[in-house]
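K.L.:
sequence first, then the predicted structure, then my questions.
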Amino acid sequence: MARVINIVETKNIKLCIDIAGGEPTIVEYLPTIIAKLKPYGKINLITNGTRSLSWWENLSVLPSGVIITLHPEYYDKKKLRINDLAHFLVDNHVSVSFNLMCQPDRWETTMSIFEDLDNQFKKLVIPKVINNQDVYDRPIAGYTQEHLDFINSHTNEVPPDSTVTYDDYSVNNLNANRIMSKNQHQFKGWSCAAGVNAICVKENGNVYAGICNSKNLGTMSNFKLLDEYITCPRPSCTCPGDIKLSKYNPMVRRTGIEPIFTV
Ligand code: SF4
């Protein structure tokens, strides 16, 4: 942590950290990480929401944001506590959103999870597109038109943090899951900021450019941020955290429009 704080102070930048898992709330020293790093920027937690409310109430410092991931395969156990947790977080000025894992083979459960949320939270739901993790190019799951209509038509009020500029110069807020649902998430050969202003730290201390692990940057004790954008080596960019990194297609880059994706 000291090294991260040193880089942030030397470069005079703000931290934006997403802590994910597995399930990060089972990590014993998580409350310490939140308390030490929050003064330097935003600390977001991606959790399945199964911790009791009292665990959250006992945190000395709450994270800046909590993304509650709703999984159809084990939702029953926690359905009663999700609204209570969201109310507690919102009341304590924590930004909340929900990653609704849209599983085509459990669509009824996926929809019942959405319906179980209090109405005020439905507008904080991000329908999350599932990828097939078993093959290298990770195609999206087999959705029907009904599924895709829900994913693409659901509007949310989660503040956007990136924009996308298309070839015709139109600019939209970036919705990573919509981009994936339309198979627009292939950036092989593009120039990407992974490793320049964004790193992924593994539990063993290894540091990579991007959640996609496109380039090993060393370990927490010796890594250096890259000076230049890397050329994307992957057939598809499958994590919203990676999709929103600045990137552009060098073949169509034009003066005044750069980069194609901007944070
Ligand atoms: S997979 Fe995504 S984050 Fe990784 S290098 Fe390619 S464009 Fe960048």
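P.N.:
The structure has been received and is ready for your questions. Just so it is clear, the structure is predicted and the values come from calculations on it, not from any experiment. Numbering: from 1, shown residues only.

K.L.:
next one, pLDDT for residue 260 please.
P.N.:
On pLDDT, residue 260 comes in at 54.

K.L.:
check which helix or strand covers the closest residue to the ligand within the stretch 1-150 of the chain.
P.N.:
The nearest approach of the stretch 1-150 of the chain to the ligand comes at residue 138, 10.0 Å away (Cβ to the nearest ligand atom). Backbone N, C-alpha and C define where each C-beta goes, glycine included. Secondary structure assignment for residue 138, by DSSP states H and E: no helix or strand.

K.L.:
residues contacting it?
P.N.:
Residue 138 sits next to 131, 132, 235, 236, 238 when contact means Cβ atoms under 8 Å, 6 or more residues apart in numbering.

K.L.:
at 10 Å what do you get?
P.N.:
By Cβ atoms under 10 Å, 6 or more residues apart in numbering, the contact set of residue 138 is 130, 131, 132, 180, 185, 212, 234, 235, 236, 237, 238, 239.

K.L.:
show the pLDDT at the nearest residue to it once chain neighbours are set aside.
P.N.:
Leaving aside its chain neighbours, residue 138 sits nearest to residue 131 (4.3 Å; criterion: Cβ to Cβ, 6 or more residues apart in numbering). Residue 131 is assigned 83 on the pLDDT scale.

K.L.:
neighbours around residue 131, how many?
P.N.:
Close neighbours of residue 131, defined as other Cβ atoms under 10 Å, add up to 17.

K.L.:
pretty sure it sits against residue 137.
P.N.:
Yes: applying Cβ atoms under 10 Å as the test, residue 131 and residue 137 come out as touching, 9.4 Å apart.

K.L.:
what is in contact with those two at once?
P.N.:
236, 238.
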